[in-house]
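Peer 1: here you go, sequence then predicted model.
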Amino acid sequence: MGVPPLPGALEYLAPVITRYGYLAVGGLLLIEDFGVPVPGETVMIIAAVYAGAGRLSIVWVAVIAAVAAITGDNIGYAIGRCGGQRLVARYGRYVLLTPARVARAEVFFARHGSAIVPAARFFDGLRQANGIIAGMAGMSWVRFGMLNALGAAVWVGAWTTIGDLAGHHIGTLYSVITRYGAYELAAVAVIIAVVCARLVVRRHLVRHRCRS
């Protein structure tokens with residue numbers, strides 16, 4: 001039985017994703033994870049959606065994404081360990097790693113310690129600078145490697161699973177998007193963001209009261 005056509009603009013992208021999907025996922029995630037600001041995460045999710053729709057193998061998408069993410073962060077670690085502040089000061093601005101941005105990441109890294117290595121995968125900016133900052137901070141490569149692999153496994157697993165599920169129901173999701181339009185979906189997104197912000201503020205206030 002053939003693969004059903006994808007809805008809307010996804011059908012026009014299908015030949016490109018089918019041909020370059022694995023290469024795009026691996027290449028973009030590799031360079032994203034040592035500081036270059038490219039949409040590696042977005043491409044991985046799109047590839048997972050296409051896998052769910054029967055255009056790619058979800059196993060290969062996940063394996064390639066994990067290997068590329070781990071390798072990229074290790075390259076970033078080597079850059080931070082060997083070049084450190086000198087390389088960041090000279091070339092960082094070309095990949096949006098300005099000294100101020102790196103300084104904020106170093107403070108955050110020092111405050112939260114090893115826990116930030118796996119968690120950084122889920123935050124733009126930290127994801128790109130994670131390996132470099134760990135190397136500059138002098139973290140053990142073995143320790144960094146273990147934490148980095150753990151974070152990559154959870155991050156890739158989460159997004160590829162979500163993308164794969166979306167791909168399996170892409171027709172239904174597309175009809176919902178078409179029916180309600182961008183403005184309604186944007187309103188829902190704003191409501192979700194406000195609720196999340198309230199929860200974060202409330203948690204912060206509770207912690208502050210407990211400390212005081």
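Peer 2: Cool, got the structure.

Peer 1: every contact and neighbour count from this point should use C-alpha atoms.
Peer 2: OK.

Peer 1: what helix or strand does the nearest residue to Gly145 once chain neighbours are set aside sit in?
Peer 2: Closest residue to Gly145 in three dimensions, ignoring its sequence neighbours and counting by Cα to Cα, 6 or more residues apart in numbering: Asn74, at 7.4 Å. Asn74 belongs to helix 58-82 when assigned by DSSP states H and E.

Peer 1: look at Gly27 and tell me its secondary structure.
Peer 2: What DSSP: H, G, I helix; E, B strand; the rest coil gives for Gly27 is helix.

Peer 1: please look at it and Ala69 and confirm they touch.
Peer 2: No. Contact between Gly27 and Ala69 fails when scored by Cα atoms under 8 Å: they sit 9.6 Å apart.

Peer 1: those two: which has the busier surroundings?
Peer 2: More neighbours surround Ala69 than the other of Gly27 and Ala69, with 33 against 17 (other Cα atoms under 10 Å).

Peer 1: for this structure, which segments count as helices?
Peer 2: 9-32, 40-52, 58-82, 84-91, 99-112, 116-119, 126-136, 141-168, 170-211 (DSSP state H).

Peer 1: pLDDT at the closest residue to Gly21 other than its chain neighbours, what is it?
Peer 2: Spatially, and ignoring its direct neighbours in sequence, Gly21 is nearest to Ala47 (6.1 Å; Cα to Cα, 6+ apart). Per-residue confidence (pLDDT) for Ala47: 87.

Peer 1: tell me the contacts of Ala47?
Peer 2: The contact partners of Ala47, taken as Cα atoms under 8 Å, 6 or more residues apart in numbering, are 17, 21-22, 25, 56, 61, 163.

Peer 1: from those, which is closest to Ala103?
Peer 2: Lowest distance from Ala103 to those (Cα to Cα) belongs to Val25, with 29.4 Å.

Peer 1: Gly76: what's it in contact with?
Peer 2: Residues near Gly76 by Cα under 8 Å, 6+ apart: 33-35, 129-132, 135.

Peer 1: quick revisit: which one among the contacts of Ala47 gets closest to Phe108?
Peer 2: The nearest member of these to Phe108, counting by Cα to Cα, is Val25 at 28.4 Å.

Peer 1: OK, contacts around the closest one?
Peer 2: So Val25 contacts 40, 43-44, 47, 61, 64-65 (Cα under 8 Å, 6+ apart).

Peer 1: what does His112 give?
Peer 2: Residues near His112 by Cα under 8 Å, 6+ apart: none.

Peer 1: any idea how far it lies from Phe123?
Peer 2: 14 Å (Cα to Cα, to the nearest Å).

Peer 1: got it, and Gly27?
Peer 2: As judged by Cα to Cα, Gly27 and Phe123 stand 20 Å apart.

Peer 1: low-confidence stretches in this structure?
Peer 2: Low-confidence segments of the chain (pLDDT under 70): 1-16, 18, 91-98, 113, 170-212.

Peer 1: can you list the domain ranges for it.
Peer 2: Annotated domains of the chain cover 9-168, 182-212 [automatic domain parsing].

Peer 1: most tightly surrounded among the ones you listed?
Peer 2: Most buried of those, by mean neighbour count (mean count of other Cα atoms under 10 Å): domain 9-168, with a mean of 20.

Peer 1: I'd say Gly135 and Gly83 touch.
Peer 2: No. Using Cα under 8 Å, Gly135 makes no contact with Gly83, being 9.1 Å away.

Peer 1: thank you kindly, that will do.
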